[in-house]
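Undergrad: Sequence first, predicted coordinates after that:
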Amino acid sequence: MRPAHTITDIWAKLLPRFEGSSATLQGRIKEMMVRSILDGLVPAGAAIPPSRSLAQALGVSRNTVSLALQMLVDKGFLVARERSGLFVNPDIVLGQANRSDQPATAGNGLAWSERLQSAVSQQRNIVKPVNWQDFAFPFVYGQFDASLMPLADWRACSQQSLLAPAVRKWSQDHVDRDHEGLVSQIQHRLLPARGIVAQRDQILVTAGAQMACHLLAHVLIGPHTVVGMEDPGYPDARNNFELRSQRVVPLAVDEHGLVPSRKLGMCDYVYVTPSHQCPTSVTMPLERRQALLALAHQKNLVLFEDDHESELNFSGRPLPALKSLDTEGRVVYLGSLSKTLAHGLRLGYIVAPAELIKELRAMRRLMLRHVPSNNAHIASLFIAQGYHDAFIRKLNVTYRERRQVLLQALARWLPDCSVSLAIGGSGAWVQGPAGLDASALAQAAWARGVLIEPGAVFYARPTAAQNNRFRMGYSAIAGAAIEAGVRQLGVARLVAGL
């Protein structure tokens, strides 16, 4: 048995590793203690040091340590013995598998590469460092500034979701059904704002737009199905479609979004982002939307409309969704709550004819049955009680200001770069002068705490001439840091000779 002072040393060394694992210090200490017991670092039957000496070693208050220890007693990790103190409960590790001293094998010599039917890991993806929040100037896209999140409002909805009647509803296995409250809010609050009328059997909740693309690919697309993709376009959508089809074709994009050219006529399906084109953020005008629908009717093709960030519109009145103009049911609509609420929430939805939704629902059941209903329940309350509308208004004001600061900073520190025109969204598409290597610039900027996204990954087959594009998100960086961040980007370019 380890002496008590050794356990004190172990916990003192372990605690820093749990930085950020819990919102509270007491939570970190509890997690650290539980992990050390279950991992065998603190053996069964070991005596726990007094709370006073533990508090001193950990550098926290005695009360914090006492509360953490009491929780471990309540949950059976520790047992109290009269006049002897606390000990690790020997029964707590009975359900743990015995640890082998043998080193882990690297696949037992099996040739896994010969067994793989696809090489998904080899696809080109947008790459963000896991620790992007540690960078001084994170111009990353698809993340959010936690300081903007209305935590008090979300917490209130979370607390309501933990009342007994609510728990009985969301905690059950819904099999293939969606959370009724969230579907109702999508149907009556979110879709009407986009001019869309839909019945409940025409709505399916997804774990974001990527899952929507994955479901559509598996249900509708085969090896010889022709799928049109904006170029540049959303890599995750392209990758999903390329897993199923050998005929994913790039379609031209200009300052008004997808160009309705003859090339669309050869497609069975076309993926399009009209509200804020990915990655350029340009908005497709009404006339082009109507022309695109007319061409879809003429050529009998189906449109996948990814309406991401449609709520982020600085003009105050966004254009109607393609789906709202569709009279034939040939537009499949992809919406998302993750892009505005919190990207880690992973909540989105598909709106399509009931016959298609039925098949997509069956496919989703094979993947994960349904999205987590506790998150869906909280999100439905957040929307129903008006918090979502207020949050979107706040984001529009904040992002409009941040974009303006970014444009002014780019004009000052990178005057030979141009930015695609946009009336909303959370990112800027920047084009440098001919010959600029955006990947090399991103690497040089990284060393100065600046994160940007090289644009080559958005192109199906990037050329040298397209390597001067990059994207700068402004959703995750504080407005006060934008000017300094762009200045550092300019310095990085100068030092690197780019």
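TA: Noted; the coordinates are in hand.

Undergrad: Run through who's touching the helix or strand that V430 is a member of.
TA: Counting by DSSP states H and E, the element that carries V430 is strand 427-431. Here strand 427-431 makes contact (CB atoms under 8 Å, 6 or more residues apart in numbering) with 141, 279-282, 403, 406-407, 410, 414, 417-420, 422, 455, 468-475. To be clear about C-beta, it is placed using only N, CA and C from the backbone, and glycine gets the same treatment.

Undergrad: Filter those residues down to just the ones in strands.
TA: 418-419, 469-473 (DSSP state E).

Undergrad: pLDDT, distance to R189 and neighbour count added to those residues, as CSV?
TA: Shown next, in CSV, are the ones in strands among the contacts of strand 427-431 (pLDDT from 0 to 100; distance: CB to CB, whole Å; neighbours: other CB atoms under 10 Å):
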residue, pLDDT, distance to R189, neighbour count
S418, 95, 38, 14
V419, 95, 33, 18
R469, 95, 37, 24
F470, 96, 36, 26
R471, 97, 31, 26
M472, 97, 32, 26
G473, 95, 27, 24
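
Undergrad: If you average the pLDDT over the longest helix anywhere in the chain, what comes out?
TA: Of all the elements of type helix in the chain, the one with the most residues (DSSP state H) is helix 387-413. Mean pLDDT, helix 387-413: 95.

Undergrad: Switch the ones in strands among the contacts of strand 427-431 over to TSV; also include distance to V259.
TA: Below are the ones in strands among the contacts of strand 427-431 laid out as TSV (distance: CB to CB, whole Å):
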residue	distance to V259
S418	20
V419	20
R469	18
F470	23
R471	21
M472	25
G473	25
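
Undergrad: re earlier: please compute how far the strand holding V430 lies from its chain's middle.
TA: Relative to its chain's centre, strand 427-431 lies at 20 Å (CA atoms, centre = their mean, to the nearest Å).

Undergrad: next structured bit after it?
TA: Following strand 427-431 in sequence order, the next helix or strand is helix 438-446 (DSSP H and E).

Undergrad: what distance separates the longest strand along the chain from the centre of its chain?
TA: The longest strand of the chain (DSSP E) is strand 247-254. Distance of strand 247-254 from its chain centroid, counting by CA atoms, centre = their mean, is 25 Å.

Undergrad: quick one: strands adjacent to that strand?
TA: Note on strand 247-254: by DSSP bridges, its sheet partners are strand 226-231 (parallel), strand 257-258 (antiparallel).

Undergrad: re earlier: which positions in the longest helix of the chain come out as buried?
TA: 387-388, 391-392, 395-396, 398-400, 402-403, 405-406, 409-410, 413 (16 or more other CB atoms under 10 Å).

Undergrad: ok so, going back, rounded mean pLDDT for the strand holding V430, please.
TA: Averaged across strand 427-431, pLDDT comes to 96.

Undergrad: Now do it and helix 438-446, the angle between them.
TA: Following axes from the mean of the first three to the mean of the last three CA atoms, to 10 degrees, one obtains 120 degrees for the angle between strand 427-431 and helix 438-446.

Undergrad: in its sheet, what does strand 427-431 sit against?
TA: Partners of strand 427-431 in the sheet, by DSSP bridges, are strand 418-419 (antiparallel), strand 469-473 (antiparallel).

Undergrad: Would you format those strands as TSV with distance to T463 included?
TA: Below are the strands paired with strand 427-431 laid out as TSV (distance: least, CB to CB, whole Å):
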stretch	distance to T463
strand 418-419	18
strand 469-473	11
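
Undergrad: Tell me which of the ones you listed sits nearest to Q117.
TA: Smallest distance to Q117 across the strands paired with strand 427-431 (CB to CB): 32.6 Å, for strand 469-473.

Undergrad: Contacts for that closest one, please.
TA: Residues from elsewhere that reach strand 469-473 (CB under 8 Å, 6+ apart): 139-143, 232, 279, 406, 426-432, 438, 441-442, 452-456, 458.

Undergrad: Which pLDDT does the model give T64?
TA: The per-residue pLDDT of T64 was computed as 88.

Undergrad: A55 versus the residue nearest to it when sequence neighbours are not counted, what's the distance?
TA: Nearest-residue entry for T64: Q26, 5.2 Å, with adjacent residues in sequence omitted and distances by CB to CB, 6 or more residues apart in numbering. Applying CB to CB, to the nearest Å, the value for Q26 to A55 is 12 Å.

Undergrad: got it, and L337?
TA: From L337 across to A55, the span is 43 Å (CB to CB).

Undergrad: one step back: the inter-axis angle of the longest helix of the chain versus strand 469-473?
TA: Using the same axes, to 10 degrees, the inter-axis angle of helix 387-413 relative to strand 469-473 is 130 degrees.

Undergrad: Quick one: list the elements packing against helix 387-413.
TA: Contacting helix 387-413 under the criterion 3 or more CB pairs under 8 Å, 6 or more residues apart in numbering; DSSP states H and E are the following elements: helix 151-161, strand 427-431, helix 479-496.

Undergrad: Now render these as JSON lines, adding mean neighbour count.
TA: Shown next, in JSON lines, are the helices and strands packed on helix 387-413 (neighbours: other CB atoms under 10 Å):
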{"stretch": "helix 151-161", "mean neighbour count": "15"}
{"stretch": "strand 427-431", "mean neighbour count": "23"}
{"stretch": "helix 479-496", "mean neighbour count": "18"}
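
Undergrad: Of the ones you listed, which is nearest V226?
TA: Closest among those, using CB to CB: strand 427-431, at 27.0 Å.

Undergrad: more neighbours, L337 and A55?
TA: Per other CB atoms under 10 Å, whichever of L337 and A55 has more neighbours is L337, with 26 against 18.

Undergrad: Tell me, what's the model's pLDDT at the more buried one?
TA: Looking at L337, its pLDDT is 86.

Undergrad: Dihedrals phi and psi, it?
TA: As for L337, its main-chain torsions (degrees, to the nearest 10) stand at phi -100, psi -20.

Undergrad: Find the nearest non-adjacent residue to it, please.
TA: In this structure, L337 finds its nearest non-sequential neighbour in L347, 4.2 Å apart by CB to CB, 6+ apart.

Undergrad: Make sure L14 is actually in contact with I29.
TA: No - applying CB atoms under 8 Å, one finds L14 not in contact with I29, separated by 9.8 Å.

Undergrad: Between the two, which has more neighbouring residues?
TA: More crowded of L14 and I29, by other CB under 10 Å: I29, with 26 against 19.

Undergrad: Now H297: which helix or strand?
TA: helix 286-299.

Undergrad: Now find how far off-centre that helix is within its chain.
TA: Averaged C-alpha coordinates place helix 286-299 at 31 Å from its chain's average position (CA atoms, centre = their mean).

Undergrad: swap in stretch 469-476?
TA: On CA atoms, centre = their mean, the centre of stretch 469-476 falls 15 Å from that of its chain.

Undergrad: then it to CSV, C-alphas only?
TA: Extracted in CSV, the C-alpha atoms of stretch 469-476 (Å, rounded to 0.1, in the frame of the first residue of the first chain):
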residue,chain,number,x,y,z
ARG,A,469,-6.8,32.9,-51.8
PHE,A,470,-7.5,32.5,-48.2
ARG,A,471,-10.4,32.8,-45.7
MET,A,472,-10.5,34.9,-42.5
GLY,A,473,-13.3,34.2,-40.1
TYR,A,474,-14.3,36.9,-37.6
SER,A,475,-16.7,35.0,-35.4
ALA,A,476,-14.1,33.7,-33.0
